[in-house]
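> pasting the structure only:
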């Protein structure tokens with residue numbers, strides 16, 4: 001099952017979790033603010049633990065590219 005999805009017209013075309021209206025960014029921001037996995041799962045009953053890990057994995061892949069800097 002693909003946990004991160006992008007659908008035109010849903011959440012502005014931004015990556016979401018399993019077609020739900022929660023963006024990968026929403027989960028990452030909750031984690032960055034100190035929310036635990038259990039707190040996120042309690043607040044968003046439709047999420048699964050694997051969804052949180054998929055959001056982190058998505059972010060890791062997005063951050064893994066070369067940055068060219070002008071000298």
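The structure has been received and is ready for your questions. The shown structure was predicted, so the numbers you read here are calculated from the model rather than taken from an experiment. Numbering: from 1, shown residues only.

> and the one helix or strand residue 26 maps to, which residues are buried?
Assigned by DSSP states H and E, residue 26 falls within helix 24-32. Of the residues in helix 24-32, 24, 26-27, 30-31 count as buried by neighbour count, 16 or more other CB atoms under 10 Å. Quick note: C-beta positions are derived from backbone N, CA and C, even for glycine.

> to the chain's geometric centre, what's the distance from that helix?
From the chain centre to the centre of helix 24-32 is a distance of 6 Å (CA atoms, centre = their mean, to the nearest Å).

> tell me where this structure has strands.
Applying DSSP state E to the chain gives strands spanning 4-5, 16-17.

> given the first one, what are its sheet partners and their directions?
Spelled out, it's strand 4-5. Looking at strand 4-5 with DSSP bridges, its partner strands are strand 16-17 (antiparallel).
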